[in-house]
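Visitor: sequence and predicted structure below; questions after.
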Amino acid sequence: MKLPARVFYGWWVLAASVVIELFGLGFGIFAITTVYPYVVETFPDWSRATVFAPTSIVILTAGVMAPVTGAIIDRFPIRALFAVGIVVQSVALYLFGRVQTPSEYFGVSLLFGLGLSGVTILPNQVLVSRWFHDRIGLVNGIVLSATAMGAAISPALITRFIESLGGDWRGAFVWVALLAFGPPMLMVLFVVRDRPEAMGLAPYGAGRAAAGATSTGGLRLREAVRTVSFWGLAGTIFFAGIPCYSFNKHILVFLQELGWEPVAAADMKSLFFAVSSVARLSFGWLCDRFDKRRVVLGHLLCLAAGYPLILFVATHPALLLPCLVVVGIGYGGLLPTIPIMTVHLFGRAHLGKILGVYKWPYDVAAASAPLLTAWLYDVTGGYDVPERVNAALAWVGLAIAVLFLARRGRVAGAAPGSP
């Protein structure tokens, strides 16, 4: 594919990563969560814990595979990893529409998690970091926002398609599998290239990034874990993550049980993710210009303040809309908070190891939250108790951040240069 020579090729690689993220996750895991209401209708004897289990299985599988994925990236072309991941994920999505038993349901989810590990955030972030040594915050923000934008497009589009087929979610998954396969694979075949050096190019801003690198200091992992700030950030990630990842997986079933029509409920979920996509894109920009601690606390306050209100206004569309916007802002800031606050508190010298440790509370929260809410639903017979528990946990996350992260200054030895 011949592209304009005046445009640095890395921007085309970034665009390809956006397509892979948008379709890989948007028509992948978020397609699965979109059809949970239909799965409930198809299998009325299944518990809610069974219905919502795929989310946890997929996240845990991708998390366990992360070290393996990293090793593959270091030894083999990312293009090859993308291609294998796209094929495995697409096959799993097709099979998802054919399941009849819980064991098949769980097995396909495991297969899907294996495929997802090859197309999700990790390989895309490594890819763009090879092409960009400058503006790396911007390009990573774009990749992360693509994930949320895929989640914003998927619910409304897939629900409308299923409704047009008379509620045939199984038939719709044939097309979902094709969408998860076609556009990403075209990007891999015709656009993605692993390294700029292979094309006789240098990474974007390589000279400026090297000249501007004034400090590479920071704490080692064993030093960081001895600080209260380390555990404060871990606690914030975990407790704020549970309501985030419970809400975005249960919102469709929650709203439909309150009497919302499927398409209207899907539109609300899409709005939530559209707001979170904008929030992710703007989060880094705000942190570059204002006190990082205040930006993080502002997002957590949106989550903690907006979440309880949703419980009381969910049956009123005019009131639900602004609450979803507020919670979407809070949710959008959670993921970019992790690397930004890690650098702020502990510096860059051992960033990879520290971020690797922080992936555990994040993944555990993301995997356990849907199951916790589903189990509480099964025990109590409704969403009232689990949603009150999630609302309380959002405030716990904010309280931990105020106590342990909002203090002025850094841990001794961390890199300077930010407010």
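Guide: Sure, I can see it. Residues are numbered from 1 along each chain as shown.

Visitor: confidence score at Pro336?
Guide: According to the prediction, Pro336 has pLDDT 80.

Visitor: for it, grab the count of nearby residues.
Guide: Counted by other Cβ atoms under 10 Å, the residues lying close to Pro336 total 25. Bear in mind the C-beta positions are built from the backbone N, C-alpha and C, glycine included.

Visitor: so what's it up against?
Guide: Contacts for Pro336 (Cβ atoms under 8 Å, 6 or more residues apart in numbering) come out as Gly141, Leu144, Arg280, Phe283, Gly284, Cys287.

Visitor: same thing but at 6 Å, please
Guide: Arg280, Phe283, Gly284 (Cβ atoms under 6 Å, 6 or more residues apart in numbering).

Visitor: just the buried members of those residues?
Guide: Buried subset of these (neighbour count, 16 or more other Cβ atoms under 10 Å): Arg280, Phe283, Gly284.

Visitor: those residues in strands, which ones?
Guide: Cross-referencing the buried ones among the contacts of Pro336 with the strands (criterion: DSSP state E) gives no overlap at all.

Visitor: picking up where we left off before, of all the contacts of Pro336, which comes closest to Pro339?
Guide: Compare each of those with Pro339 using Cβ to Cβ and the shortest gap goes to Gly284, at 9.3 Å.

Visitor: go ahead and confirm that closest one touches Gly141.
Guide: Yes. In this structure Gly284 lies within contact range of Gly141 using Cβ atoms under 6 Å: 4.6 Å.

Visitor: pLDDT-wise, what's the bottom of the buried ones among the contacts of Pro336?
Guide: The lowest pLDDT within the buried ones among the contacts of Pro336 belongs to Gly284, which sits at 71.

Visitor: contact partners for the residue nearest the centre of the chain?
Guide: In the chain, the C-alpha closest to the average C-alpha coordinate belongs to Thr147, at a distance of 6.2 Å (Cα atoms, centre = their mean). Thr147 sits next to Glu21, Leu25 when contact means Cβ under 6 Å, 6+ apart.

Visitor: name the element it belongs to?
Guide: Applying DSSP states H and E as the criterion places Thr147 in helix 136-164.

Visitor: show me which residues of that helix are buried.
Guide: Neighbour-count burial for helix 136-164, with 16+ other Cβ under 10 Å as criterion, is recorded at 136-159, 162-163.

Visitor: after the lowest-mean-pLDDT helix or strand in the chain, which helix or strand is next?
Guide: With mean pLDDT, DSSP states H and E as the measure, the helix or strand of the chain carrying the lowest mean pLDDT is helix 206-211 (a mean of 57). The C-terminal neighbour of helix 206-211 among helices and strands, as given by DSSP H and E, is helix 221-224.

Visitor: okay, strands next: where are they in the stretch 251-400 of the chain?
Guide: In order along the chain, the stretch 251-400 of the chain carries no strands (DSSP state E, counting those that start in this stretch).

Visitor: avg pLDDT for stretch 234-248?
Guide: Stretch 234-248 comes out with an average pLDDT of 90.

Visitor: okay, and for the stretch 1-150 of the chain, where does confidence drop off?
Guide: For the stretch 1-150 of the chain, the stretches flagged by pLDDT under 70 are 1-5, 136-137.

Visitor: what about the helices in it?
Guide: Secondary structure of the stretch 1-150 of the chain (DSSP state H, counting those that start in this stretch): helices at 9-26, 29-34, 36-42, 48-51, 53-75, 78-96, 102-116, 121-131, 136-164.

Visitor: what sits against Ala206?
Guide: Contact partners of Ala206, counting by Cβ under 6 Å, 6+ apart, are His133.

Visitor: leaving out sequence neighbours, find the closest residue to Gly10.
Guide: The shortest distance from Gly10 to any residue other than its chain neighbours is 3.5 Å, reached at Trp131 (Cβ to Cβ, 6 or more residues apart in numbering).

Visitor: can you count the residues close to the one you found?
Guide: Residue neighbour count, defined by other Cβ under 10 Å, stands at 24 for Trp131.

Visitor: how about the contacts made by it?
Guide: Gly10, Val13, Pro196, Pro203.

Visitor: tell me how far Phe254 lies from Ser277.
Guide: 21 Å (Cβ to Cβ, to the nearest Å).

Visitor: ok, how many other residues are close to the residue lying closest to Gly332 once chain neighbours are set aside?
Guide: Excluding its sequence neighbours, the residue lying closest to Gly332 (Cβ to Cβ, 6+ apart) is Ala279, at 2.6 Å. Number of residues near Ala279 (other Cβ under 10 Å) recorded here: 24.

Visitor: again with Asp168
Guide: When counting by other Cβ under 10 Å, one arrives at 14 neighbours for Asp168.

Visitor: check the one 10 residues further on too.
Guide: Neighbouring residues of Leu178 were enumerated by other Cβ under 10 Å; the total is 14.

Visitor: tell me which other helices or strands the helix or strand containing Ser246 touches.
Guide: For Ser246, the enclosing helix or strand under DSSP H and E is helix 228-257. With contacts defined as 3 or more Cβ pairs under 6 Å, 6 or more residues apart in numbering; DSSP states H and E, the secondary structure elements packing on helix 228-257 are helix 36-42, helix 262-289, helix 317-346, helix 351-380, helix 384-404.

Visitor: which ones are touching the nearest residue to Leu320 once chain neighbours are set aside?
Guide: In space, Leu320 comes closest to Val313 once its chain neighbours are excluded; the distance is 5.2 Å by Cβ to Cβ, 6+ apart. Under the criterion of Cβ under 6 Å, 6+ apart, the neighbours of Val313 are Leu319, Leu320, Cys323.

Visitor: and the gap between the first one and Thr101?
Guide: Read that as Leu319. Distance, Leu319 to Thr101, by Cβ to Cβ: 41 Å.
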